[in-house]
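> predicted coordinates and the sequence they were generated for:
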Amino acid sequence: MATVYLPRGLSAYTGGLDEVVIEAGRVHELMLALAARFPGLAERLDGMAVAIDGQIYNDADYQPLRPDSEVHLVPRIAGG
């Protein structure tokens with residue numbers, strides 16, 4: 001099961017949790033599972049980049065996850 005680390009601002013939607021363990025084979029499935037478990041997160045997940053085991057992805061939906069993966073959700077930074 002992948003361990004998901006949430007930024008501080010999202011813990012308000014998870015009952016204070018900033019770390020969650022989710023079983024998912026790909027990031028898309030992980031995001032669906034997070035939204036199902038914490039409905040208040042659903043809208044906020046779209047604005048997140050994803051770091052999987054230290055590698056940052058802007059479009060990570062179909063990136064595979066290992067059972068021991070560490071996934072960090074990171075707010076996207078807009079360029080200008």
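Noted; the coordinates are in hand.

> can we go C-alpha only for contacts and neighbour counts from here?
Will do.

> pLDDT (mean, whole number) over the helix or strand hosting L32?
Using DSSP states H and E, L32 sits within helix 27-37. Across helix 27-37, pLDDT averages out at 96.

> before we move on, what about stretch 65-79?
Mean predicted confidence for stretch 65-79 is 88.

> okay, buried residues for that stretch please.
Across stretch 65-79, burial judged by 16 or more other Cα atoms under 10 Å covers 65, 69-75.

> quick revisit: elements contacting the helix holding L32?
strand 19-22, helix 42-45 (3 or more Cα pairs under 8 Å, 6 or more residues apart in numbering; DSSP states H and E).

> can you do 7 Å?
Contact partners of helix 27-37 among helices and strands, from 3 or more Cα pairs under 7 Å, 6 or more residues apart in numbering; DSSP states H and E: none.

> check the offset of that helix from the chain's centre.
8 Å (Cα atoms, centre = their mean, to the nearest Å).

> sorry, back to before: export the buried residues of stretch 65-79 to TSV and tack on distance to I56?
Shown next, in TSV, are these (distance: Cα to Cα, whole Å):
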residue	distance to I56
L65	13
S69	13
E70	12
V71	10
H72	9
L73	9
V74	9
P75	11
